[in-house]
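# have a look; sequence and predicted model below, questions after that.
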Amino acid sequence: MSSGLARALADGIPAEGGLDVTVVTPINPHVSAEHHALARRLSPMTVEIGGESLQVGILEGKLGPSHAKVLIIDDGMAHEEISLGELSEPALRRLAVFSAAALQTQTHFGQHYEVIHAIGWQAALVPVLALSGTYGGEAAQPKTVLTCIDPTQTGGVPQQWLASLGLDEALPEGLDFCHQGKASLLKAGILCADVVTVTSTHAAKQLETEASSDSTSLFAEVGGKLAGVAGGLDYAHWTPENDRSIVSLYASSAIAAKHDCKRFLLDQAGLPLAPDAPLCVVTGKLDREQGIQILLDSADAWIKLPFQLVFAGSAAPEIAVQIAQLVAKTPRKVAHIQQLSGDSMHAVLAGADSVLISTPGDPIGALELKAMSFGAIPVAQPVGRLCDTVVDYDCPSETGCGLLFGQGANDSLIGSLQRLISLYRSERHWPRLVQNAMRQRFDWATTAAHYAGLYATTT
């Protein structure tokens, strides 16, 4: 999501407010100066971290139709992977160098950023260093916005690592950045940023409610600066009308060819065609942390229902064992496709009648938006962003675009699957439900417009 958000803001913000946008990002091994039409600045930039002077290269280019400036920070540490799990000390050093360099581009290029928007916990040090005033030169201190994509990724590190990089001196006195026994980069960014955003208005309200009763919450001290701004989807890339990676093209007004895509997915999964049974898919990161255990724990109940199920994607070892047992028990009903490429995800969604979303809110992948665009009905828990994007289908009014079940309630999941099967067999309601889903639009331009307004109120 973060790359989509950065591109959306670069393309959409100038159109909304006539603002100049600069995108600053760290280099990665896949960036080629020649392929991406980037020019390397002849003079490197000197960045001070932990009492050490580092020479940092800068590649410059343009992005998208807006021709927003792109600055890629070449810190010479592209091999240091920024993991979503445990953060290593060299990786922390890389984040610190990037954050300082991003702020210092103001003086290096002789410009002033009115607002700096840091996206994700990996950029959470930017608001911290901006507040310290160490790297902005004599320019006025910019306002900062921090977007928290996934509150479970906190960027926890030992306190002494911050001291070794001199970052403890940049942290304002009297603020507690500790979370679960470690110094949290995300918590530091939340406390130092002028505005903190999360991925939906419902998620913001939910976090505020939790924080009001839990003093240990990351958001306990966020005050009134928390806002919800929904992300979007690049519909040029995720639409079955012109997607050459699926076997047949189709649209909301002509969905018959989706049946060809279903046959293809069944063949790939090694399952037979069952005319009256919907084909459901569970995809993404298949582990307990993402909520799939709810589905596995209720297998004895749903295994008797007339539908087929494909698990698509790699699974944690203990989850893979449980899936393999289900496949062995019901080989004509359950299958597991373990290897997925970017294009094969398109084929999975095009072939699916429904997607069971086990992730509470799926903060990064926008899975429910992709599924709906391909006419795969989301069956999900009403939590986080899903409360803003998926509306439960109502038969009398023929409105809604998905099916919702209660959080953690296996019986409610079974009830939703029974509803799904009933709707699938309805000549009236199933085409309407699929059309409703495919006509939903959550584009990045709307997100950019929301942020343009947020920037205006911040400054």
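Looks like it arrived, so ask away. Residues are numbered from 1 along each chain as shown.

# what residues sit buried inside stretch 167-180?
167, 170-171, 177, 179 (16 or more other C-beta atoms under 10 Å). The way it works is simple: take the backbone N, C-alpha and C, and place the C-beta from them, glycine included.

# which stretches in the stretch 201-350 of the chain count as strands?
Remark: strands assigned in the stretch 201-350 of the chain by DSSP state E, counting those that start in this stretch are 226-228, 279-283, 308-312, 334-337.

# could you give the mean pLDDT of the last one?
The one in question is strand 334-337. On average, the pLDDT along strand 334-337 is 96.

# so which residues make contact with it?
268-271, 303, 308-313, 315, 320, 323-324, 326-327, 344, 348 (C-beta atoms under 8 Å, 6 or more residues apart in numbering).

# from residue 438, how far off is residue 268?
Distance, residue 268 to residue 438, by C-beta to C-beta, to the nearest Å: 22 Å.

# residues near residue 236, how many?
By other C-beta atoms under 10 Å, 9 other residues sit near residue 236.

# which residues touch it?
Residue 236 neighbours (C-beta under 8 Å, 6+ apart): none.

# now it: phi and psi?
Main-chain torsions, residue 236, degrees, to the nearest 10: phi -70, psi -30.

# for the residue lying closest to residue 172 once chain neighbours are set aside, which residues are in contact?
Leaving aside its chain neighbours, residue 172 sits nearest to residue 131 (6.4 Å; criterion: C-beta to C-beta, 6 or more residues apart in numbering). Each residue near residue 131 by C-beta under 8 Å, 6+ apart is listed here: 141, 144, 172, 192.

# and those, which is closest to residue 43?
Nearest to residue 43 among these: residue 141, at 25.3 Å, using C-beta to C-beta.

# just give me the neighbour total for that closest one.
When neighbours are counted by other C-beta under 10 Å, residue 141 comes out with 14.

# without its sequence neighbours, what residue ends up closest to it?
Closest residue to residue 141 apart from its sequence neighbours, by C-beta to C-beta, 6+ apart: residue 133 at 5.9 Å.

# circling back to that earlier point, tell me which of residue 268 and residue 438 has more neighbours.
It is residue 438, of residue 268 and residue 438, that has more neighbours when counted by other C-beta under 10 Å, with 23 against 16.

# need the contact list for that one.
Contacts of residue 438 by C-beta under 8 Å, 6+ apart are 251-252, 255, 372-375.

# among those, which lie within helices?
Using DSSP state H, 372-373 are the members of the contacts of residue 438 that sit in helices.

# give the buried residues for stretch 211-225.
211, 217-220, 222.

# residue boundaries of the helices in the stretch 201-350 of the chain?
Applying DSSP state H, counting those that start in this stretch to the stretch 201-350 of the chain gives helices spanning 201-213, 258-269, 293-297, 299-302, 317-329, 342-351.

# turn those into JSON lines, including mean pLDDT and distance to residue 457.
Output for those, formatted as JSON lines (pLDDT from 0 to 100; distance: least, C-beta to C-beta, whole Å):
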{"stretch": "helix 201-213", "mean pLDDT": "84", "distance to residue 457": "15"}
{"stretch": "helix 258-269", "mean pLDDT": "96", "distance to residue 457": "44"}
{"stretch": "helix 293-297", "mean pLDDT": "86", "distance to residue 457": "40"}
{"stretch": "helix 299-302", "mean pLDDT": "92", "distance to residue 457": "47"}
{"stretch": "helix 317-329", "mean pLDDT": "94", "distance to residue 457": "44"}
{"stretch": "helix 342-351", "mean pLDDT": "89", "distance to residue 457": "37"}
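
# most tightly packed of the ones you listed?
helix 342-351 (a mean of 20; mean count of other C-beta atoms under 10 Å).

# what's in contact with that one?
By C-beta under 8 Å, 6+ apart, the list of residues contacting helix 342-351 from outside reads 238, 240, 243, 245-247, 258, 261-266, 268, 279, 281, 283, 310, 312, 337, 340, 355, 370-371, 373-374, 376.

# and those residues, which are buried?
Using 16+ other C-beta under 10 Å, the buried ones in the contacts of helix 342-351 are 238, 240, 243, 246, 258, 261-262, 264-266, 268, 279, 281, 283, 310, 312, 337, 355, 370-371, 373-374, 376.

# quick one: residue 273 and residue 265 touch, right?
No. Contact criterion C-beta atoms under 8 Å: residue 273 and residue 265 do not qualify, at 10.6 Å.

# which elements pack onto the longest helix belonging to the chain?
Using DSSP H, we find that the single longest helix of the chain is helix 89-109. Where contact means 3 or more C-beta pairs under 8 Å, 6 or more residues apart in numbering; DSSP states H and E, helix 89-109 is packed against strand 22-26, strand 45-49, strand 52-63, strand 68-74, helix 125-132, helix 159-164.

# tell me which of the ones you listed lies nearest to residue 185.
helix 125-132 (6.1 Å).

# quick check: buried residues in that closest one?
125-132.

# and the angle for that helix with helix 89-109?
50 degrees (axes from the mean of the first three to the mean of the last three C-alpha atoms, to 10 degrees).

# continuing past helix 125-132, what's the next helix or strand?
From helix 125-132 onward toward the C-terminus, using DSSP states H and E, the following helix or strand is strand 143-147.

# partners of that next one in the sheet?
strand 115-119 (parallel), strand 195-198 (parallel) (DSSP bridges).

# where does this structure have its least confident helix or strand?
In the chain, the helix or strand scored least confidently by mean pLDDT, DSSP states H and E is helix 2-17, which has a mean of 63.

# dihedrals phi and psi, residue 174?
Backbone torsions for residue 174, taken as degrees, to the nearest 10, come to phi 90, psi 0.

# so what's residue 184 closest to, chain neighbours aside?
Closest to residue 184 by C-beta to C-beta, 6+ apart is residue 154, at 4.5 Å.

# do residue 239 as well
The shortest distance from residue 239 to any non-neighbouring residue, by C-beta to C-beta, 6+ apart, is to residue 373 (5.7 Å).

# so what pLDDT did that neighbour get?
pLDDT, residue 373: 97.

# tell me the contacts of it?
Residues near residue 373 by C-beta under 8 Å, 6+ apart: 233, 235, 238-240, 349, 438, 440.

# quick one: it from residue 388, how far?
For residue 373, the distance to residue 388 - C-beta to C-beta - is 16 Å.

# same thing with residue 44?
For residue 44, the distance to residue 388 - C-beta to C-beta - is 44 Å.

# next: residue 156.
As judged by C-beta to C-beta, residue 156 and residue 388 stand 29 Å apart.

# could you list the low-pLDDT ranges of the stretch 101-250 of the chain?
Low-confidence regions of the stretch 101-250 of the chain, defined by pLDDT under 70, span residues 136-140.

# now the residue nearest to residue 184: phi and psi?
phi -100, psi -10.
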